[in-house]
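>>> no sequence for this one, just the structure:
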Ligand code: TYM
């Protein structure tokens, strides 16, 4: 039997190259060797302020983004979290085994509470428990994510262990799989690339748009003049080269930066070309299917149907172990 993979992304609209390099590219590499389930986690997305009227379009765009990036629905399962109400149900059962103190320690909770300090909801605190429910509902073995999710995955294993200790062996402890692009830095050179910070390149951007965004992106701050030598090891632009630019060209960019032979503008042009080349087939597929509502609807409906059946089986087992089954 194939091992099971589960992962998900919040429907924030368009996917960026941090999502793609940090998570989705890894998903695609597992698609044939594993039983893969990929979720659009809309229940997570409502834990911070949002516009209800935009949500369905955001979900649609995320589904189109998955498929365009190579997450082939013929070889894996794609579904929307809120189509399977058992995610919320299992979250509630887990709420009764996990101490609040564990959740208050989560870095992402601390960061988001600082950002939305006027309205820190129970949902925001409970975010990682819902994430654990996502994964454990399907008894996933492997969870491919970016580095920022490592702590949530640790908590998922804590929850599995606590539940197993209290009610008997039920859940496997899933393995975190972090790829080589563990943390893609944003164009500001400061924080990780994210939609909220507007420091991103979307997977659908044209070569012109990519070139324009890169032209004003941060580089090694110590390299003030063209004649200064730079340090690629601390430059966010060079970090992107390591992800997108072929080896030989990458090495000559690094050497040129150090010797001041290659200026930041030229370096960015080479990067823009490399990113555009990688994204070209994704952009083309995206354009081709973005208005195919029937395709997306049928992929998501089929996904939900398969997941609901699996989820109901786990919930039955959990209720049985917890003494909730008549
Ligand atoms: P989200 O939507 O914030 O991120 C989705 C995925 O993209 C990765 N990622 C990055 N990787 C590298 N560099 C970046 N700059 C970058 N930005 C985002 C994230 O690590 C993540 O893998 N809580 C999850 C969503 C989720 C989930 C789950 C994941 C809900 N349930 C169950 C796995 C299993 C999240 O952060 O989504």
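Structure received. What you are looking at is a predicted structure, and each value in this text was computed from that prediction instead of being measured.
>>> And the longest helix anywhere in the chain, what does it pack against?
Criterion DSSP state H: the longest helix present in the chain is helix 293-321. When contacts are defined as 3 or more C-beta pairs under 8 Å, 6 or more residues apart in numbering; DSSP states H and E, helix 293-321 packs onto strand 35-40, helix 55-68, strand 77-80, helix 86-95, helix 122-137. C-betas here are computed from N, CA, C, even on glycine.
>>> need these in JSON lines with mean neighbour count and distance to residue 209, can you?
Shown next, in JSON lines, are the helices and strands packed on helix 293-321 (neighbours: other C-beta atoms under 10 Å; distance: least, C-beta to C-beta, whole Å):
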{"stretch": "strand 35-40", "mean neighbour count": "24", "distance to residue 209": "25"}
{"stretch": "helix 55-68", "mean neighbour count": "21", "distance to residue 209": "16"}
{"stretch": "strand 77-80", "mean neighbour count": "22", "distance to residue 209": "27"}
{"stretch": "helix 86-95", "mean neighbour count": "19", "distance to residue 209": "36"}
{"stretch": "helix 122-137", "mean neighbour count": "22", "distance to residue 209": "32"}
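>>> Buried residues in stretch 104-113, which are they?
In terms of neighbour count (16 or more other C-beta atoms under 10 Å), stretch 104-113 has its buried residues at 106, 109, 112, 113.
>>> possible to save the helices and strands packed on helix 293-321 as CSV with distance to the ligand and mean pLDDT?
Formatted as CSV, these follow (distance: least, C-beta to the nearest ligand atom, whole Å; pLDDT from 0 to 100):
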stretch, distance to the ligand, mean pLDDT
strand 35-40, 6, 98
helix 55-68, 9, 98
strand 77-80, 12, 98
helix 86-95, 9, 98
helix 122-137, 4, 98
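>>> just to revisit the earlier point, could you confirm whether the longest helix of the chain reaches the ligand?
No - using C-beta under 6 Å from any ligand atom, helix 293-321 never reaches the ligand; the gap is at least 12.7 Å.
>>> Pull up the gap between the residue nearest to residue 100 when sequence neighbours are not counted and residue 273, please.
In space, and not counting its chain neighbours, residue 100 is closest to residue 125: 7.6 Å by C-beta to C-beta, 6 or more residues apart in numbering. Residue 125 sits 44 Å away from residue 273, going by C-beta to C-beta, to the nearest Å.
>>> Kindly report the same for residue 184.
Between residue 184 and residue 273 the distance is 18 Å, computed by C-beta to C-beta.
>>> So for these two, which sits in the more crowded spot?
Applying other C-beta atoms under 10 Å to residue 184 and residue 273 shows that residue 184 carries more neighbours, namely 23 against 16.
>>> List the residues that contact the more buried one.
Neighbour list for residue 184: 17, 18, 21, 22, 146, 192, 193, 239, 240, 243 [criterion: C-beta atoms under 8 Å, 6 or more residues apart in numbering].
>>> Repeat the analysis, applying 10 Å as the threshold.
For residue 184, the residues meeting the contact criterion (C-beta atoms under 10 Å, 6 or more residues apart in numbering) are 16-22, 146-147, 192-194, 200-201, 236, 239-240, 243.
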